[in-house]
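Participant: I would like to see how this sequence folds:
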Amino acid sequence: MLLLLVGLTLAGNLLWVMARHSTIGVGLLLGVQVWTVAAGGQLPAMSLGVSIYPADALAICAFCIGVARLLRHGLPARAGMLPLLILIALAGWSAARGIATFGLQAVGNDGRGAFWCVLAAALYVATTPLSAALDRAVTRTWLASVAAYAVLCLVGWASIGLHPVTAHVTVGGVEVDPRPVPAAAALVLVQGAALLMCPLGADRTATALRRRGKLLGAAVLLAFIILLQQRSVWMAGGAMAVTWWALRPVRAGQRITSAVAGATALSMTALAFAVGAFGRIGGVLSDSAAETQGDHSTFAWRVLGWQDLLNEPRSLVQWLTGGPFGSGYDRYIKGALVAVSPHDYYLHVVLRLGLIGLMVLVVLYVLIWRQLIRSGYAVLALRLMIVGQLVFFVSFAASMEQGVLLGFCLWRARRGVLSATTVTEPTDRTSPITSRSDVPSYADALPPDAMRQ
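Facilitator: Residues are numbered from 1 along each chain as shown. Here you go, the predicted model:
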């Protein structure tokens, strides 16, 4: 009873802090993921019929605050909130069916990471009161997470060294992943590089030295991404680079010139790898790249699992609304039983939220992308981060950090829709956005060389 009372008191305080100080709430949502990676996992904070982990507690508070804000202020028009609420409703329906069949613990284990925490974080950030502070808060806390993950990478490499993903590395008699941080953390690093290269909003006060420092930081992060050997993140980073090349405003002819220069640089790098100019590091990266080819690659393993999951018999209702949480993901890959998640978020959504859920997810991202286009170059970093997220989802599930990003994009959509009129929502002790003039224009955010065209 005493522990329950203490837990309720802490939950009440956490609710108050996250409701009154959204910037702190965003920091907690991002920070708990860093802490989980640094600690090598989480321990349950309490048990209420299902184990409650620290990330779960934050997600519950975030969800309650988001719902309370919607009940108080209503659904923002044309801001993409409706698809998010439909996804939450579909997840709730799947959870209710799962609890009735498999129990609360099985449902919690199945949906907490890729659904509950992600949707709760997105709802919390998307419903945050409109203020200029959230732009700075998300950028700074995201980059703080990036710095923490970079330190964890250095610590990991210093302790066990750099090895290819195919190597069997043991620490204390236990085999460990030679990569110091998981793929979700590596994605945060490459998205952080996008934030450094393309700051949100106008950056007219930045000195040339500061801009060069940001570019140097982005280059260091990209080097970390290469050394981490998360091949799915390599693909996400490549897609982000192509998107940046296609969307960045430049003078006529410069786009073709930069494409030729990039292709030349890649060719020279490949040639250097072929002749062994990068030494042991080049050998490690070559071994990791070679693992992606052939019938025994990780990608081939995933494809076989996807086929087996899709071939399972389902009714029309299950195809439309998904199976209940807790029903598992058992499939046979080369004769071996595999029970882990599908390693494809789109398939994951189909299995739990059905084809309706997948279509709603697509609509949500289309609405977000359209609104980001209207904001122009000022939010190019968000567009790059969303592209990386969508490519990453082909191989991995969503994390709470990606839920924060999704919610922040919805928040930007609300800000774009409502900025033409006076906003009466309470803010986190900052001045509300009251007119279109408070939103950085496309011209304000253009780099100086593009503005002279």
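
Participant: how near is the most centrally placed residue in the chain to residue 230?
Facilitator: Per CA atoms, centre = their mean, the C-alpha nearest to the average position across the chain is that of residue 402, at 2.2 Å. Distance, residue 402 to residue 230, by CB to CB, to the nearest Å: 15 Å. Placement of C-beta: from N, CA and C, glycine included.

Participant: surely the residue nearest to the centre of the chain and residue 388 touch.
Facilitator: No. With contact defined as CB atoms under 8 Å, residue 402 does not count as touching residue 388 (9.6 Å).

Participant: any shared contact partners between these two?
Facilitator: Listed as contacting both residue 402 and residue 388 by CB atoms under 8 Å, 6 or more residues apart in numbering are residue 187.

Participant: contacts for stretch 37-46?
Facilitator: Here stretch 37-46 has contacts from 3-4, 7, 36, 51-57, 148-149, 152, 181-182, 185, using CB under 8 Å, 6+ apart.

Participant: and it, what's buried?
Facilitator: 37, 46 (16 or more other CB atoms under 10 Å).

Participant: ok now that stretch, how far from the chain's centre?
Facilitator: 20 Å (CA atoms, centre = their mean, to the nearest Å).

Participant: can you give me the end-to-end distance of that stretch?
Facilitator: Stretch 37-46 has an end-to-end distance of 20 Å (criterion: CA to CA, to the nearest Å).

Participant: for the record, mean pLDDT for that stretch?
Facilitator: Per-residue pLDDT over stretch 37-46 has a mean of 80.

Participant: any regions of this structure where pLDDT drops low?
Facilitator: Across the chain, the ranges flagged by pLDDT under 70 are 1-4, 7, 47-49, 76-79, 132, 201-206, 251-253, 273-278, 294-295, 417-453.

Participant: longest helix of it?
Facilitator: If you go by DSSP state H, the chain has its longest helix at helix 345-375.

Participant: which other helices and strands does the very next helix or strand once past it contact?
Facilitator: Scanning forward in sequence from helix 345-375 by DSSP states H and E, the next helix or strand is helix 380-392. In this structure, helix 380-392 makes packing contacts with helix 183-197, helix 231-247, helix 345-375, helix 400-418, judged by 3 or more CB pairs under 8 Å, 6 or more residues apart in numbering; DSSP states H and E.

Participant: the closest residue in space to residue 363 that isn't next to it in sequence in helix, strand or coil?
Facilitator: Leaving aside its chain neighbours, residue 363 sits nearest to residue 83 (5.1 Å; criterion: CB to CB, 6 or more residues apart in numbering). With DSSP: H, G, I helix; E, B strand; the rest coil as the basis, residue 83 sits in helix.

Participant: who touches residue 83 in this structure?
Facilitator: Contacts of residue 83 by CB under 8 Å, 6+ apart are 360-361, 363-364, 367.

Participant: and which of the residues you listed is nearest to residue 207?
Facilitator: residue 367 (37.0 Å; CB to CB).

Participant: quick one: neighbours of that closest one, just the number.
Facilitator: For residue 367, the count of nearby residues is 20 (other CB atoms under 10 Å).

Participant: now do the contacts for the residue nearest to it when sequence neighbours are not counted.
Facilitator: Counting by CB to CB, 6+ apart, residue 80 is the residue found nearest to residue 367 once chain neighbours are left out, at 4.1 Å. Residues in contact with residue 80 (CB under 8 Å, 6+ apart) are 126, 364, 367-368, 371, 410, 413.

Participant: if you set the cut-off to 10 Å instead, what comes out?
Facilitator: Counting by CB atoms under 10 Å, 6 or more residues apart in numbering, residue 80 touches 126, 363-371, 406, 409-414, 417.

Participant: give me the buried subset of these.
Facilitator: The neighbour-count test (16+ other CB under 10 Å) marks 126, 364-365, 367-369, 371, 406, 409-414, 417 as buried among the contacts of residue 80.

Participant: which single one of these is nearest to residue 210?
Facilitator: Of these, the one sitting nearest to residue 210 (CB to CB) turns out to be residue 412, at 23.9 Å.

Participant: distance of that closest one relative to residue 188?
Facilitator: 19 Å.

Participant: same question, residue 333
Facilitator: To residue 188, residue 333 is 29 Å away according to CB to CB.

Participant: neighbour count winner among these two?
Facilitator: Shown here are residue 333 and residue 188; by other CB under 10 Å, residue 188 has more neighbours (28 against 16).

Participant: residue 106: which of the contacts of residue 83 is nearest?
Facilitator: Closest to residue 106, out of all of those and judged by CB to CB, is residue 361, at 23.9 Å.

Participant: which residues are in contact with the closest one?
Facilitator: Residue 361 touches 83-84, 86-87, 90, 345-346, 349-350, 353, 393, counting by CB under 10 Å, 6+ apart.

Participant: check residue 328 too.
Facilitator: Counted by CB under 10 Å, 6+ apart, residue 328 has contacts 102, 106, 109-110, 339-341, 351.

Participant: is it possible to get a markdown table of these that adds distance to residue 75, neighbour count and secondary structure?
Facilitator: Converted to a markdown table, those look like this (distance: CB to CB, whole Å; neighbours: other CB atoms under 10 Å; DSSP: H, G, I helix; E, B strand; the rest coil):
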| residue | distance to residue 75 | neighbour count | secondary structure |
| --- | --- | --- | --- |
| 102 | 33 | 17 | helix |
| 106 | 33 | 18 | helix |
| 109 | 32 | 16 | helix |
| 110 | 29 | 23 | helix |
| 339 | 39 | 8 | coil |
| 340 | 37 | 10 | coil |
| 341 | 31 | 18 | coil |
| 351 | 28 | 25 | helix |
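
Participant: farthest-separated two in these?
Facilitator: 102 and 340 (17.1 Å).

Participant: now do the helix or strand hosting residue 13: which elements does it pack against?
Facilitator: Assigned by DSSP H and E, residue 13 belongs to helix 2-20. Applying 3 or more CB pairs under 10 Å, 6 or more residues apart in numbering; DSSP states H and E, one finds that helix 2-20 contacts helix 22-39, strand 46-47, helix 54-73.

Participant: buried set for that helix?
Facilitator: 11, 14-15, 18-19.

Participant: what angle sits between that helix and helix 54-73?
Facilitator: 50 degrees (axes from the mean of the first three to the mean of the last three CA atoms, to 10 degrees).
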